[in-house]
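>>> I need the structure of the sequence given here:
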Amino acid sequence: INNEMKTNDVSSAAIRVECTITTPHSARGFAEVANGKFRITVRPDLAPQSSAAFVQLVESNYFAGVYFHRVIKGFIAQAGINSNYHDKRPPTPKETTPDLPTSKSLSNVRGTVSFAGGNMHLGQIFINLGNNRRLDAENNDDGSTRPFGTVDDADEMANVFDKLYTSYKEGSGQVKAVKSDDVASQFPDMSRIEECHVVG
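Alright, predicted model coming up:
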């Protein structure tokens, strides 16, 4: 996360996005579950297409109400699946050329943010909870899994993401099949994003 940011180019200046996360259905104590705000520093200087796609999702309010449906301790926390409980569709993306990894690209280490599967058009993102450099090599025709941003605050990582519930089975099918009213009863400890917005 030590790549220098280009400060002399307005178009590639870092963009900051703030999100609010809650665990609204849990019966556990407030201090035991994920609640609070986290900020993502988006890096268009390092991943211009992925950064633009993420900001487009944020500005369309796509992430409001999406759950962290896949959380694996020490690996990743993934959110953004289109499902029965969240029927928004990702905005139609502009025709873009996927980012190609370079020597300056961010690596999938703790606190970095990437598109799941490298597909920036599906709306799913993940936050690395550990150092997962092996994911750097994953690519497809729609993009690279190289990160486009970072959660820079160590306290936010500890107080928000390290408190995400990890005992639901891995994968997204578990949430995709349920209706909105059933999430509370079937997955009460699952956390969700309430909102995200650009703050600077």
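
>>> so what secondary structure elements neighbour the longest helix seen in the chain?
Longest helix in the chain, counting residues (DSSP state H): helix 48-59. Applying 3 or more CB pairs under 8 Å, 6 or more residues apart in numbering; DSSP states H and E, one finds that helix 48-59 contacts strand 15-22, strand 36-42, strand 112-115, strand 143-144, strand 192-198. The C-beta positions use only the backbone N, C-alpha and C, and glycine is treated the same way.

>>> can you rerun that using 10 Å?
Other helices and strands packing on helix 48-59, by 3 or more CB pairs under 10 Å, 6 or more residues apart in numbering; DSSP states H and E, are strand 15-22, strand 36-42, strand 112-115, strand 125-128, strand 143-144, strand 149-150, strand 192-198.

>>> how far off strand 15-22 does that helix point, in degrees?
Orientation check (axes from the mean of the first three to the mean of the last three CA atoms, to 10 degrees): helix 48-59 against strand 15-22 gives 50 degrees.

>>> and helix 48-59, how far from the chain's centre?
Chain-centre distance of helix 48-59: 12 Å, with CA atoms, centre = their mean, to the nearest Å.

>>> mean pLDDT for the helices and strands packed on helix 48-59: which is lowest?
Lowest mean pLDDT within the helices and strands packed on helix 48-59: strand 143-144, a mean of 68.

>>> how close does the residue lying closest to residue 109 once chain neighbours are set aside sit to residue 79?
Once flanking residues are discounted, residue 109 sits nearest to residue 131: 4.7 Å by CB to CB, 6 or more residues apart in numbering. Per CB to CB, to the nearest Å, residue 131 is found 20 Å from residue 79.

>>> repeat for residue 13
26 Å.

>>> Check residue 104 too.
27 Å.

>>> Comparing those two, which shows the higher neighbour count?
Higher neighbour count among residue 104 and residue 79: residue 79, with 27 against 12, using other CB atoms under 10 Å.

>>> isn't the more buried one right up against residue 63?
Yes. Under the criterion of CB atoms under 10 Å, residue 79 makes contact with residue 63 at 7.3 Å.

>>> pLDDT value on residue 147, please?
94.

>>> gap between it and residue 153?
16 Å.

>>> Please say which of the two ends up with more neighbours.
Neighbours were counted for residue 147 and for residue 153 using other CB under 10 Å; residue 147 has more, 28 against 15.

>>> OK, contacts around that one?
For residue 147, the contacting residues are 1, 42-43, 46-47, 50, 105-109, 111-115, 125-128, 135-136, by CB atoms under 10 Å, 6 or more residues apart in numbering.

>>> Pull out the buried members of those.
42-43, 46-47, 50, 105-109, 111-115, 125-128, 135-136 (16 or more other CB atoms under 10 Å).

>>> Helix, strand, or coil at residue 184?
Following DSSP: H, G, I helix; E, B strand; the rest coil, residue 184 is assigned to helix.

>>> Could you report the separation of residue 130 from residue 75?
Counting by CB to CB, the gap from residue 130 to residue 75 is 6 Å.

>>> So those two - more neighbours on which side?
residue 75 (16 against 13).

>>> what pLDDT does the more buried one get?
pLDDT, residue 75: 94.
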